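Engineer: How does the following fold in three dimensions:
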Amino acid sequence: MRGPRAALALAGSLAAATLVGAAPLTLSPEDAPQSVLIFVDSDDDDDDGRPDREQTPSSKPILAALLEIGLPRAAPAVADGSALRLLRGEAPLAGAAKVKRLWLQGLTVGSARVLVSGKPALEVSVVEAFALDSRGRLMDLARSHVAITRSLPASLTRADAVDDEAVSFLVASEGEVALERLELASLDPGGRELDRLGPLRLTAIACPPSVPAGRRCQATGPVRATSDLIDRSHPGSSWRSLRAEVGGRLALTHAGQRAVSLRVGGPRQSALGPIERVRGRLRVRLVRQSPGASPPIGGTEARALALARDEVHVASGLWGQCGIHFGPAAELDVAVVDPPPPFLIAIGGAAGLPATGGAIALAVDGRPVTLATAAGETPERVARRLAAAIRKLGFVARVSPNPRVTQGALPTADVLVARPQGGWSTLSSDGPPSTDTALAVQIGSVDLSDGLTHFSDFDAAAGTLEERTLIKALDDGDPRTIEVLVIPSFSRSGRIGESFIFGDGGSIQNVVIVDRAGLVAGARSYVLAHELGHILLDMPGHPDDYGVDSPSSLMDADAADPTIFGPRRLSLAECERALRQSGPGAPVALLASWPLYAR
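Structural biologist: Numbers count the residues shown, from 1 in each chain. Take a look at the predicted model:
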């Protein structure tokens, strides 16, 4: 859980725009031949796991990344040379067919000409771009991916530190070529530009053995893909960093035209193998202080929903270090809701003692219910008999067991009461609901005017009565969904976030609660992302509870720092644990496989 934090709101972002290719190049057979440079189409713009140059284009993404040629009028066009292919829409141009618009697709390093009406109209130089990992090995542009860095920049750590997720780009050509305005753009999953880096400086290097002999090779320095603006903007690394998002791409551009691109995913090397992308499903509910009141954040409902989506997007960015994403903002299940009525009857209190004999008396929507208790009955036994008595009145009653808490003798149970036509019932009693001297019976209610009463170390397994009433009212019943509840505040403490992880015998699991202060704290502590970590890692504690303090770790217990050194990093071991504990193969799979490309 996150403790006290000073409020800090960070604002601002890099300019965003949609990355588009250069304007179509117009050719005329009456003019002198023009010269152009294009790249071998060795990436995978249609996400089918195959290099685009090895297939006939079958979708618009491939064409959108190619150089488009326009003619003033329909004329026969043909390619002279094997380094490129001419396309008319999504089909290769057959022979010297008449066209008014065509696309150039680079096939191999070399040179070629485009003839229009039998005359040279375009001289084409074709170069090839490769991606190199941190060890200088060639990466497969169609089947591999770049990962978001998990480490501090080398300039802020050891001089010999190697960022395992850094990538460089290499350009191979036939002889001397002039590369102008070579830049790297970061695209989000929808293709919109997030960030841009450049112009990139190229240095001549010896070509790797896998590059055919006779080529001239130049390479950029290593580039870091980062999860947030603070990391990207630090002076020690801003010249080689750019923001990226899992599911998006890093696109190398030349003179404004897309050259090649590489997907963004999870760690490329782990004990589980390459981690591409997995998706967690969140269900976010913003709880008003009282029925009809303003949302807990934002002032208006529209603003509250937008802020909630932004906060989940930030969490996706940080957990992108592990290839984990929580889906597009437009698909997020988020709503503003009222606190529930008193619909829950808690049997057993905190002590969980067996009954000694007495009577329970209360009313459901004004209709009286009574039940005698017998000596020796367990709280769960009494709860089941009470639920049966309530059902006889025509209501829907469900028993929800709780795990035994530290100071409890037995597990306790709650009875949830609803109307047959839907909606929770309202419970009431004229006096104490039970005359049994040992068996505590309480009606749960939620009053957020003084903050939510939160659990302690003694009752963390079950939560407080107010927490259970709130959570059980809003739970969707699907253990694969992570419930996120945003409240105005917690009561009588500096707590700004807490989580309920999966546990044996518990009816509350995979739930996060954060308050307004936790969201306002922003990059100082990343409360939502931290609390989600407890659930994904199935870890109630923190790495520094009994070990070395690590303030830059997202899961640090008490770090509060809005700089690059603050709590924002996840280790490879934590990524592996999240996949083992919550991934597609886990008993309760909170993370579903979400491949970067179709196999």
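Engineer: ok, the nearest residue in space to Leu25 that is not next to it in sequence - contacts?
Structural biologist: Closest residue to Leu25 apart from its sequence neighbours, by C-beta to C-beta, 6 or more residues apart in numbering: Ile69 at 5.4 Å. Just so you know, the C-beta spots here come from the backbone N, C-alpha and C atoms, and that holds for glycine as well. Applying C-beta atoms under 8 Å, 6 or more residues apart in numbering, one finds that Ile69 lies in contact with Pro24, Leu25, Thr26, Leu27, Ala77, Arg101, Leu102, Trp103, Leu104, Val114, Leu122.
Engineer: Neighbour count and pLDDT for the residues you listed - can I get that in a markdown table?
Structural biologist: Formatted as a markdown table, those follow (neighbours: other C-beta atoms under 10 Å; pLDDT from 0 to 100):
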| residue | neighbour count | pLDDT |
| --- | --- | --- |
| Pro24 | 14 | 79 |
| Leu25 | 14 | 86 |
| Thr26 | 11 | 86 |
| Leu27 | 21 | 83 |
| Ala77 | 27 | 90 |
| Arg101 | 14 | 91 |
| Leu102 | 24 | 91 |
| Trp103 | 23 | 91 |
| Leu104 | 22 | 92 |
| Val114 | 23 | 92 |
| Leu122 | 22 | 93 |
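Engineer: Okay, buried residues for the strand or helix carrying Arg232 please.
Structural biologist: Using DSSP states H and E, Arg232 sits within helix 229-233. For helix 229-233, the neighbour count (16 or more other C-beta atoms under 10 Å) marks Leu229, Ile230, Asp231, Arg232 as buried.
Engineer: which one of those is nearest Val146?
Structural biologist: Among those, Arg232 lies closest to Val146 (C-beta to C-beta), at 14.5 Å.
Engineer: Pull the contacting residues for the closest one.
Structural biologist: Leu14, Asp195, Thr226, Ser238, Ser241, Leu242, Arg243.
Engineer: For the closest residue to Arg384 other than its chain neighbours, give the beta-bridge partners.
Structural biologist: Spatially, and ignoring its direct neighbours in sequence, Arg384 is nearest to Val399 (5.4 Å; C-beta to C-beta, 6+ apart). Beta-bridge partners of Val399, counted by DSSP bridges, are Val415.
Engineer: is it true that Val399 touches Pro411?
Structural biologist: No. With contact defined as C-beta atoms under 8 Å, Val399 does not reach Pro411; the gap is 11.6 Å.
Engineer: Just the element for Ile535, please.
Structural biologist: Using DSSP H and E, Ile535 falls in helix 527-536.
Engineer: Kindly export that helix (C-alpha atoms) in CSV.
Structural biologist: Output of helix 527-536 as CSV, limited to C-alpha atoms (Å, rounded to 0.1, in the frame of the first residue of the first chain):
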residue,chain,number,x,y,z
VAL,A,527,-0.3,5.1,-6.6
LEU,A,528,-2.6,3.2,-9.0
ALA,A,529,0.3,1.5,-10.8
HIS,A,530,1.9,0.6,-7.4
GLU,A,531,-1.3,-0.9,-6.0
LEU,A,532,-2.0,-2.9,-9.2
GLY,A,533,1.5,-4.3,-8.7
HIS,A,534,0.5,-5.9,-5.4
ILE,A,535,-2.2,-7.8,-7.3
LEU,A,536,-0.3,-8.7,-10.4
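Engineer: And the contacts of it?
Structural biologist: Taking C-beta under 8 Å, 6+ apart as the rule, helix 527-536 contacts 1-2, 5, 280, 311-312, 314-315, 318-319, 324, 482, 484, 496-502, 510-514, 518-519, 521, 539-540, 554-555, 567, 570, 574, 578, 581-582, 590-591.
Engineer: Where does pLDDT dip in the stretch 51-200 of the chain?
Structural biologist: Applying pLDDT under 70 to the stretch 51-200 of the chain flags residues 58, 158-161.
Engineer: Quick one: the helices in it, in order.
Structural biologist: Under the criterion DSSP state H, counting those that start in this stretch, the stretch 51-200 of the chain contains helices at 60-64.
Engineer: got the end-to-end distance for stretch 190-200?
Structural biologist: 25 Å (C-alpha to C-alpha, to the nearest Å).
Engineer: swap in stretch 511-520?
Structural biologist: For stretch 511-520, the end-to-end distance is 20 Å (C-alpha to C-alpha).
Engineer: quick one: low-confidence parts of this structure?
Structural biologist: Applying pLDDT under 70 to the chain flags residues 1-23, 58, 158-161, 457-460, 503-506, 544-547, 599.
Engineer: now, which of the contacts of Arg232 lie within strands?
Structural biologist: Of the positions in the contacts of Arg232, Asp195, Thr226, Ser241, Leu242, Arg243 sit in strands, assigned by DSSP state E.
Engineer: Quick one: which of those residues is the most crowded by neighbours?
Structural biologist: When neighbours are taken as other C-beta atoms under 10 Å, the top entry among the ones in strands among the contacts of Arg232 is Thr226 (28 neighbours).
Engineer: Show the contacting residues for it.
Structural biologist: For Thr226, the contact set (C-beta under 8 Å, 6+ apart) comprises Ile148, Thr149, Arg232, Ser241, Leu242, Arg243, Ala244.
Engineer: Please tell me how far it sits from Glu245.
Structural biologist: According to C-beta to C-beta, to the nearest Å, Thr226 stands 10 Å off from Glu245.
Engineer: ditto for Arg309
Structural biologist: The value you get for Arg309 to Glu245, if C-beta to C-beta is used, is 14 Å.
Engineer: The two: which has the busier surroundings?
Structural biologist: Under the criterion of other C-beta under 10 Å, the comparison of Arg309 against Glu245 puts Glu245 first, with 23 against 17.
Engineer: and the nearest residue to the more buried one once chain neighbours are set aside, what does it touch?
Structural biologist: Of all residues not flanking Glu245 in the chain, Asp188 sits nearest, at 5.0 Å (C-beta to C-beta, 6+ apart). Asp188 makes contact with Leu194, Glu245, Gly247, Gly248 under the criterion C-beta under 8 Å, 6+ apart.
Engineer: okay, those residues in JSON lines with distance to Phe343 and secondary structure next?
Structural biologist: As requested, the contacts of Asp188 are exported to JSON lines (distance: C-beta to C-beta, whole Å; DSSP: H, G, I helix; E, B strand; the rest coil):
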{"residue": "Leu194", "distance to Phe343": "45", "secondary structure": "strand"}
{"residue": "Glu245", "distance to Phe343": "41", "secondary structure": "coil"}
{"residue": "Gly247", "distance to Phe343": "40", "secondary structure": "coil"}
{"residue": "Gly248", "distance to Phe343": "44", "secondary structure": "coil"}
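Engineer: List buried residues within those.
Structural biologist: Listed as buried from these are Leu194, Glu245, Gly247, Gly248; burial here means 16+ other C-beta under 10 Å.
Engineer: of all the residues you listed, which comes closest to Val287?
Structural biologist: The closest of those to Val287 turns out to be Glu245 (C-beta to C-beta; 29.0 Å).
Engineer: So Trp424 is in contact with Val337, correct?
Structural biologist: No. Under the criterion of C-beta under 8 Å, Trp424 is not in contact with Val337, lying 11.9 Å apart.
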